[in-house]
Structures are given as C-alpha cells and as structure tokens.
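>>> build me a structure from this.
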Amino acid sequence: MSMRVEGDSQKTLSFFPSSPQERVRRSLVTLEKARPAVDAADPRSGARLTPVMAQARRHWALLMLLAAGLGLRVVTQLAYRPALLYIDSPKYLTAGLEKYDPQGYRDLVVRPLEWVGNLALVAAFQHLLGLAMAVALYLLLLRRGVPRWAATLAAAPVLLDAYQLQMEQTIMPDVTFEALIVTGLLILLWRPRPSGYAVALAGFVFGTAATVRQVGEALILPAVIAALLGARGCRSRLTTAGLATASFAIPVLVYMTYSAVVLHDRFELSDQGDAVLYGRVAAAADCATLRLPAAERALCPTPRMVASYGVDGLVNDPYSPAYTAPPPAGLGRAEIVKRFSYAVLEQQPLRVAGAIADDAVKLFALTRDTAPGDTPISRWQFQTTYPTYPDTVPSASVLFSSNGGGGAPAAARPLAVFLRDYQLHGGYTPGPFLLLSLLAGLAGTALGRRRGNPPAVLACLLVTVTGVAVLLGADIYEFSWRYQLPALVTLPAAGAFGVTVLQARIRQAPGRKGSAASAPDPAVTLGRCPASPSSPTSGPLTPA
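Predicted structure coming up:
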C-alpha cells in the first residue's frame with residue numbers, strides 16, 4: 001500500500017515493504033541516475049553516442065572537408081620537396097635583398113622555423129595554417145548564428161582551393177598574411193560587440209599584417225570601423241578609434257625603425273611604391289593626350305609594350321622605359337618616374353580608375369586565365385616538374401642548402417600530375433561563387449542596417465570591408481592571381497554573414513507571422529550617437 005503526497009506527484013510514501021519487482025525497478029532507476037551524463041541519444045537509431053561522436057555527427061560536413069583538405073596538403077608536401085620557390089622568394093631568404101618588401105614574414109615565420117628545421121618545415125607550418133584558418137572561420141560563423149550549411153560552405157574554399165595549396169607550399173608571405181587577417185577578424189567578431197581591448201588587439205594584429213605584405217596598410221579600415229560602430233557614445237567611439245589607430249601604428253613604426261637602423265634603408269615599409277605605381281599608370285595612360293616634358297614623355301610605353309610587358313614587366317623588365325629612358329641632368333631616375341606617374345594621375349584619373357576596375361572584376365570570372373598584360377597565372381599553378389626560374393639569384397639548390405638543407409629540389413611526378421590535373425579541372429573556387437558572396441555581404445550590410453540585429457550587421461560589414469580593402473588595395477597597383485587569395489578567407493565568410501542577416505530581416509518583415517515591429521534601440525543602432533546615454537557606461541559596448 002502506498003499513498004501520494006498532495007502537491008508532489010514525484011514522491012511516494014510506502015507503508016508496506018515493496019514487492020521484488022518494485023525493488024528491481026527502483027534499483028534500475030538508481031543505477032540510471034548514477035550513470036554519468038556522458039552519453040547522447042541518437043534519436044534515429046536509439047543508440048548511445050559519446051559527446052565526441054555526437055559532435056562529429058553534428059559537424060560531419062566540415063570533417064569531410066577537413067579530411068579532404070588534409071589529404072591534399074599531404075600530397076602537396078610530398079610532391080614538391082623540400083618546398084616551392086618563387087622569383088621573389090630570395091627576398092626573404094638572402095641577405096641584401098630585404099629592403100624591397102616588408103620582412104615580417106621572414107622574421108616571424110621563416111627564421112624561427114629554420115632554427116628548428118629547414119624550409120620543408122616552413123611549408124608544413126603554412127599547410128597547418130590553412131587548416132586552422134578554415135576551422136577558425138567555421139567556429140566563428142557558428143558562434144555568431146550563421147547556419148551550419150553556410151559556415152561549412154564558407155570554410156570550403158580555403159581547404160580545397162588548389163591555388164591556396166600551391167601558395168602554402170611556396171616560401172612566400174601570402175599564407176601568413178591570410179592568417180593574420182583571420183586572426184584580426186576573429187578577435188573583433190568573437191563577441192557581438194568588440195570591447196576596447198579587442199579593438200586594440202585586432203589593430204595590432206592588422207598592423208603586423210602590414211609588415212608581412214604592404215597592402216596590409218588597408219586593414220586599418222576594419223579596425224577603425226569596428227571602433228566607430230562598436231562602441232556606445234560619440235566620445236567613446238572617437239577614443240576607441242584613436243586606440244585602434246595607435247595599436248595599428250605600433251608594429252608598422254617598429255618595422256620602419258628596423259628598416260632604417262638595421263637594414264640601413266629608408267624609414268619605410270618598402271621602397272617599391274613609386275616603381276609599382278609607374279607600372280599601373282603607364283599601362284593605363286593615353287600618352288597621345290598627355291601634356292608632359294620631353295624627358296617624361298620618354299617614359300610612355302607603346303601599346304605593344306603594354307600588351308607584352310603588362311604592369312609587372314613595366315616595373316621589373318630591364319627593357320621597360322622606366323629603365324631605358326635617359327633621365328634629365330640633375331634628376332635621378334626614381335624622381336623622373338615619380339613625376340611621370342603623378343602627371344598621369346592628375347591628368348587621366350578616370351583611365352587609371354577604369355584600369356583598376358577592369359582588374360578587380362577578373363576575380364569573378366568563371367575560369368582562371370591570363371589576360372593580356374597580366375602576370376602569367378602559370379606561376380601559381382602546379383607543374384609536373386619542379387619549377388625553376390633561371391633569372392633568380394641564387395639558385396634553388398643554393399637557397400635550400402643555405403637555409404637549413406632539406407635536399408635538392410625535386411618533384412614526385414605522379415603526385416605533381418595529380419595536383420595539376422586537380423587544379424586545372426575544377427580544383428579552385430569559382431569566380432561566380434565569390435561574386436555572390438560579395439553581393440550577399442553588401443546586401444546584408446545595406447539592407448540589414450535598419451532592421452535586424454546590429455551586431456550581426458556589424459560583423460557582415462567588417463568582413464566585407466576587410467575583403468574589399470585588401471583585394472582592391474592590391475589591384476590598385478597590379479592584378480595577380482596570387483594577390484586574390486585573401487578573397488578565400490573573407491568573401492565567403494562575408495556572404496555567410498550576409499545570408500544570416502537577410503534571413504533575419506525577412507523573418508522580421510512587417511506582416512510576417514512572429515515578426516517584431518519594435519523600433520531598434522538607439523544605444524545599439526550602428527552609426528548613431530544617442531542623444532543621451534542609455535546607461536551610465538560611456539566606454540565601449542561590452543559583449544552581450
């Protein structure tokens with residue numbers, strides 16, 4: 001006999017000893033309660049899964065992509081030993097060539113890893129960076145509410161793109177540059193609103209990226225935008241923006257001081273600015289209508305030169321007018337090239353802007369080809385034999401032997417053939433996909449601003465601005481498929497954020513069931529300074 005206590009249906013008072021069946025039942029209940037909560041139920045099969053297995057089932061698509069990406073990287077590492085070299089690789093390996101480009105890559109990656117091993121270890125580290133960037137982007141997107149399918153799609157390009165694989169195997173700074181971009185975005189976007197400390201740290205990371213590739217100077221934009229739109233109150237926004245700028249400037253100024261004192265070069269990141277600018281404006285100029293002194297007119301290339309040399313050849317080829325035109329008495333060659341470049345910018349800015357725009361849209365082409373005047377895309381494609389550049393001094397064998405060894409340069413032909421076939425027959429991110437990603441990021445920023453979640457719109461804006469700034473910053477000087485690689489870690493993520501913002505806006509549209517018609521809180525509306533503080537806190541808006 002038993003009686004239930006009123007008000008507590010879970011407790012039973014027993015007045016007589018329970019039956020054997022009841023004792024067995026109670027024992028089973030006790031054991032079940034004592035079992036550690038380490039299993040997760042599979043609703044389809046009724047089987048028990050450990051937390052690791054449950055997470056693997058949940059993220060199975062990413063795990064499949066990771067496995068494929070890892071396999072491709074192992075094949076690449078084995079196919080070209082000890083690593084791939086490019087024409088510019090000696091700048092980061094040979095004394096005396098440091099002044100031409102920022103040396104952050106050499107000092108942060110190459111030298112520390114050479115101390116442990118050789119250049120094969122540098123390539124392996126860059127492959128690990130590729131995998132880590134994909135995982136970091138995926139986790140960031142999921143954390144910020146992006147659908148799992150969109151987060152997986154955004155992580156796929158960096159894992160599977162053969163041009164990314166080729167660059168990871170090459171001793172060049174591009175993969176480190178990508179990793180610093182992802183790190184900065186991760187710091188800014190990990191929480192709905194970045195704190196002042198996060199903005200400062202991200203600014204420092206972005207400034208470090210500028211010491212790896214000079215185009216990283218454009219990354220000041222996302223740092224300042226995050227400060228201006230992520231803080232509460234006009235005064236706090238201006239203060240945080242100043243902090244972001246100062247943090248960005250620290251590594252840049254440190255490197256420029258190093259360049260002047262240690263490298264005995266000028267107080268600058270690179271000495272290539274005016275020379276590269278000449279190539280861009282000379283290729284775009286209509287010399288027939290330019291008003292120039294005779295000495296500067298000699299720097300005008302013929303249309304045939306432009307088609308043959310392209311921007312890169314006009315900058316670097318010894319037969320370019322930049323090197324063959326005699327400078328006037330009393331003026332150095334660098335000064336006359338600078339004057340010509342500025343004259344073209346002043347007289348024909350629309351032609352230069354049009355040339356930059358023509359190059360910018362090449363990223364979105366369905367196939368990857370070399371247009372007339374472009375740097376050959378073959379430089380970024382896998383070859384069936386080990387690629388060498390006869391004009392590179394010193395040779396590949398000398399570079400390897402003087403940088404930790406690793407053996408003579410060699411290619412495993414079957415693996416190299418496989419990688420080349422994969423790359424040329426679809427193993428790259430389609431241009432239309434990148435275009436759709438960019439459009440989704442722009443739409444999410446523009447249409448989501450007035451309705452929806454402001455932190456989500458801020459995330460969409462920051463990733464989109466980062467991608468556009470870095471890609472357009474490179475196109476201002478020269479188009480190269482190598483310079484388009486940052487698109488893989490920015491545009492797909494921007495598109496994923498944009499899709500999420502647009503979905504939220506559609507759900508909240510007036511007239512839809514369950515939509516919210518309330519006005520946005522002025523304290524969290526992007527780009528506005530509230531008339532009066534909504535809280536006593538005047539500092540950066542802390543994460544929700």
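>>> hey, let's count contacts and neighbours off CA atoms from now on
Will do.
>>> where along the stretch 301-450 of the chain do the strands fall?
Using DSSP state E, counting those that start in this stretch, the strands of the stretch 301-450 of the chain run over residues 410-411.
>>> what is the helix ranked longest in the chain packed up against?
Longest helix in the chain by number of residues, with DSSP state H as the criterion: helix 234-261. For helix 234-261, the contact count by 3 or more C-alpha pairs under 8 Å, 6 or more residues apart in numbering; DSSP states H and E identifies helix 196-210, helix 220-230 as packing neighbours.
>>> who wins for proximity to residue 334 among those?
helix 196-210 (23.8 Å; C-alpha to C-alpha).
>>> buried stuff in the closest one?
Across helix 196-210, burial judged by 16 or more other C-alpha atoms under 10 Å covers 196, 198-210.
>>> return the member of the residues you listed nearest to residue 400.
Looking across the buried residues of helix 196-210 and measuring by C-alpha to C-alpha, the closest to residue 400 is residue 209, at 26.0 Å.
>>> quick check: that closest one touching residue 216?
Yes. Contact between residue 209 and residue 216 holds when scored by C-alpha atoms under 8 Å: they sit 5.3 Å apart.
>>> what mean pLDDT does stretch 466-476 have?
Mean pLDDT, stretch 466-476: 95.
>>> gap between the residue nearest to residue 413 when sequence neighbours are not counted and residue 410?
In space, and not counting its chain neighbours, residue 413 is closest to residue 384: 5.7 Å by C-alpha to C-alpha, 6 or more residues apart in numbering. Plainly put, residue 384 is 11 Å away from residue 410 if you go by C-alpha to C-alpha, to the nearest Å.
>>> please apply the same query to residue 448.
Distance from residue 448 to residue 410, by C-alpha to C-alpha: 52 Å.
>>> okay, the two: which has more neighbours?
Under the criterion of other C-alpha atoms under 10 Å, the comparison of residue 448 against residue 410 puts residue 448 first, with 24 against 17.
>>> let me know the pLDDT of the more buried one.
Per-residue confidence (pLDDT) for residue 448: 71.
>>> can you pull the contacts of it?
454, 457, 501-502, 505 (C-alpha atoms under 8 Å, 6 or more residues apart in numbering).
>>> among those, which ones are in strands?
In strands, defined here by DSSP state E, there are no members of the contacts of residue 448.
>>> turn the residues you listed into TSV, columns for pLDDT and distance to residue 51.
Conversion of the contacts of residue 448 to TSV gives the following (pLDDT from 0 to 100; distance: C-alpha to C-alpha, whole Å):
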residue	pLDDT	distance to residue 51
454	79	34
457	89	33
501	91	31
502	89	33
505	81	34
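>>> of those residues, just the buried ones, PyMOL syntax please.
One line in PyMOL is enough to select the buried members of the contacts of residue 448, burial here meaning 16+ other C-alpha under 10 Å:
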select buried, resi 454+457+501+502+505
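>>> farthest pair within the contacts of residue 448?
Longest span within those, C-alpha to C-alpha: 454 and 502, 12.2 Å.
>>> mean pLDDT lowest for which of the helices and strands packed on helix 234-261?
Note on those: lowest mean pLDDT is at helix 220-230, with a mean of 91.
>>> tell me what that helix is packed against?
Taking 3+ C-alpha pairs under 8 Å, 6+ apart as the contact cut, helix 220-230 packs with helix 196-210, helix 234-261, helix 454-475.
>>> identify, out of those, the most deeply packed stretch.
Highest mean neighbour count among the helices and strands packed on helix 220-230 (mean count of other C-alpha atoms under 10 Å): helix 196-210, with a mean of 27.
>>> quick revisit: of all the helices and strands packed on helix 234-261, which one comes closest to residue 395?
So among these, helix 196-210 is nearest, using C-alpha to C-alpha, at 28.4 Å.
>>> and the angle from that closest one to helix 220-230?
Interaxial angle, helix 196-210 versus helix 220-230 (axes from the mean of the first three to the mean of the last three C-alpha atoms, to 10 degrees): 170 degrees.
>>> that'll do, ta.
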